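In: Fold the following and give me the result.
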Amino acid sequence: MIAVSELQARRAAFMKSMVAGSIAIFPASSEVIRSRDTHFSFRQDSDFFYLTGITEPDAVLVLAPDLETSEILFVLPKDAHEEVWHGRRLGTELAKVQSGVSACYDTSTLATQLPSLINGHSDLYVAFDQFPVFEQSLRSMLSELRNAPKRSKIAPDRLHDPRPQLHQQRLIKSPAEQAVMRHAAEISVAGHRRALGFVQPGVYEYQVAAELQHEFTMRGASGFAYESICGGGANACILHYTANTDVLADGDLILIDAGAEYAGYAGDITRTFPVNGKFTKPQREIYELVLASQAAAFEHLQPGSTIVKAQEACIEVLTAGLVKLGILSGTVREHIDKLSCRQFFIHGLSHWLGLDVHDVGLYQKGDKPVKLAAGMVLTVEPGLYFAPDDTRVPEQYRGIGVRIEDDLLINAQGHENLTAGVPKSIEGIEALMAQARRQQEHSHAAQR
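Out: Below is the predicted model of the structure:
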């Protein structure tokens, strides 16, 4: 978990980046109605959580480096009636201890205290497009300051978006964050290994998702880090397929893209494997090509290199393989120059990973790609997708979709693959599935 001292250091680092005479306001998420009087499961805003470690709704963090009390947190008040119905609240004392802020008040005082805190500051940091209810209240406070009689109060006349600075700060994961993410990856690995042992012809995609969910939560995760994809057959060719309603057929592949969220941080793994435990020749050919392209990308993922270089290496391997298989006709160089493989590799190779599954941080500064540095965590996920009705593709490959995704931590030595525990060689996949089937047969025999 993240220590209070690290939360304090994060806030101090952000305040150091603020212009003189400024104040920053970070609202927490609010609960969202699912239907009538029921809510979706609450998930804290990642920026607010990064700065406070607080997971309650409707809180507000104020940072003002020039004030004697530079860190002020507002949280929901203790309320015996509400807590009986909806669960215990931290209250100001415990929230102050848990976050390490200088001062903590309940939100019933926000309307009177916040205008006073803002008054006199020339610059205001706030993300004005995320929290409409809070923003409406804040605009009223700013208007009140601007229209004070005889200009007795001063409202900020310059607004800044805090996200560019804060998100670059979030891009480099601390040793504590790396430890949490390593555990999120371990839980995700366990779920995928369970799914490999569970899948067989006749089970439903939603049953596979249920196996993943069970393993994740039993190991301490809050659940999925994002909506899981368990696409059998041609469903694997739908990049964000989340219906998970179809039965798995003998002879098809299944593509599983799922990760656990642990202590706010995401895992993100994709594996593709045969429903019956054995790859066919066409499936093997496409799978080995995608796997080789991932290995080529891995060679460039180290400090000082870029995702662009890794993607170029990946595309070279995919293009050469597609020409060799007769899916592209012509020279390899010609198709690399035209990026012909993008017809079938239709998404990016990588994205940052952290508190958000598609985590924050720049990929490019000006016209140059961001250089990788120790502490960055990213996914590597090449894929090939051949729609069942794509007549450009030889018939034996139609309906095959393959993606292979791992989570890499950039370190001084190059990188650490956090998700290597899920087999991805053909031999490793088939061996694990065969072992699971033998264990199931022995268990069934023992029960007779």
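In: Okay, now the unreliable bits of the stretch 301-448 of the chain?
Out: Across the stretch 301-448 of the chain, the ranges flagged by pLDDT under 70 are 444, 448.
In: what about 50?
Out: Nowhere does the stretch 301-448 of the chain drop to pLDDT under 50.
In: the strands in it, which residues?
Out: Taking DSSP state E, counting those that start in this stretch as the test, the strands found in the stretch 301-448 of the chain are 364-365, 368-369, 377-380, 383-385, 401-403, 406-411, 414-417.
In: Tell me which of these sits nearest to Asp106.
Out: strand 377-380 (36.1 Å; C-beta to C-beta). Placement of C-beta: from N, CA and C, glycine included.
In: What pLDDT is listed against the residue lying farthest from the centre of the chain?
Out: In the chain, the residue that sits farthest from the middle, by C-alpha atoms, centre = their mean, is Lys150; the gap is 49.7 Å. The predicted local distance difference test score for Lys150 is 72.
In: For it, give its distance to Val393.
Out: As judged by C-beta to C-beta, to the nearest Å, Lys150 and Val393 stand 75 Å apart.
In: and if you look at Arg182?
Out: In terms of C-beta to C-beta, Arg182 sits 39 Å off from Val393.
In: of those two, who's got more company?
Out: The neighbour count for Arg182 versus Val393, taken as other C-beta atoms under 10 Å, is higher for Val393 (21 against 18).
In: hang on, the more buried one packs against Gly326?
Out: No: counting by C-beta atoms under 8 Å, Gly326 is not a contact partner of Val393; they are 9.3 Å apart.
In: one step back: quickly note the distance from the residue farthest from the centre of the chain to His121.
Out: From Lys150 to His121 the distance is 19 Å (C-beta to C-beta).
In: Domain map for this structure?
Out: Using automatic domain parsing, the domain parsing of the chain gives 4-169, 172-444.
In: Between strand 406-411 and the helix of greatest length in the chain, find me the angle.
Out: Criterion DSSP state H: the longest helix present in the chain is helix 175-198. Using axes from the mean of the first three to the mean of the last three C-alpha atoms, to 10 degrees, the direction of helix 175-198 lies 160 degrees away from that of strand 406-411.
In: Just the C-alphas of helix 175-198, formatted as PDB.
Out: Taking C-alpha atoms only, helix 175-198 is exported to PDB below (Å, rounded to 0.1, in the frame of the first residue of the first chain):
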ATOM      1  CA  PRO A 175       8.900   1.800  -5.700                       C
ATOM      2  CA  ALA A 176       5.700   1.500  -3.500                       C
ATOM      3  CA  GLU A 177       3.500   1.900  -6.600                       C
ATOM      4  CA  GLN A 178       5.600  -0.700  -8.400                       C
ATOM      5  CA  ALA A 179       5.000  -3.100  -5.600                       C
ATOM      6  CA  VAL A 180       1.300  -2.600  -5.700                       C
ATOM      7  CA  MET A 181       1.200  -3.000  -9.500                       C
ATOM      8  CA  ARG A 182       3.300  -6.200  -9.300                       C
ATOM      9  CA  HIS A 183       0.600  -7.600  -6.900                       C
ATOM     10  CA  ALA A 184      -2.200  -6.500  -9.300                       C
ATOM     11  CA  ALA A 185      -0.300  -8.300 -12.000                       C
ATOM     12  CA  GLU A 186       0.100 -11.400  -9.900                       C
ATOM     13  CA  ILE A 187      -3.700 -11.500  -9.200                       C
ATOM     14  CA  SER A 188      -4.400 -11.000 -12.900                       C
ATOM     15  CA  VAL A 189      -2.000 -13.800 -13.800                       C
ATOM     16  CA  ALA A 190      -3.800 -16.200 -11.400                       C
ATOM     17  CA  GLY A 191      -7.100 -15.300 -13.000                       C
ATOM     18  CA  HIS A 192      -5.800 -16.000 -16.500                       C
ATOM     19  CA  ARG A 193      -4.200 -19.300 -15.500                       C
ATOM     20  CA  ARG A 194      -7.600 -20.300 -13.900                       C
ATOM     21  CA  ALA A 195      -9.400 -19.400 -17.200                       C
ATOM     22  CA  LEU A 196      -6.900 -21.500 -19.200                       C
ATOM     23  CA  GLY A 197      -7.800 -24.500 -17.100                       C
ATOM     24  CA  PHE A 198     -11.500 -23.900 -17.200                       C
END
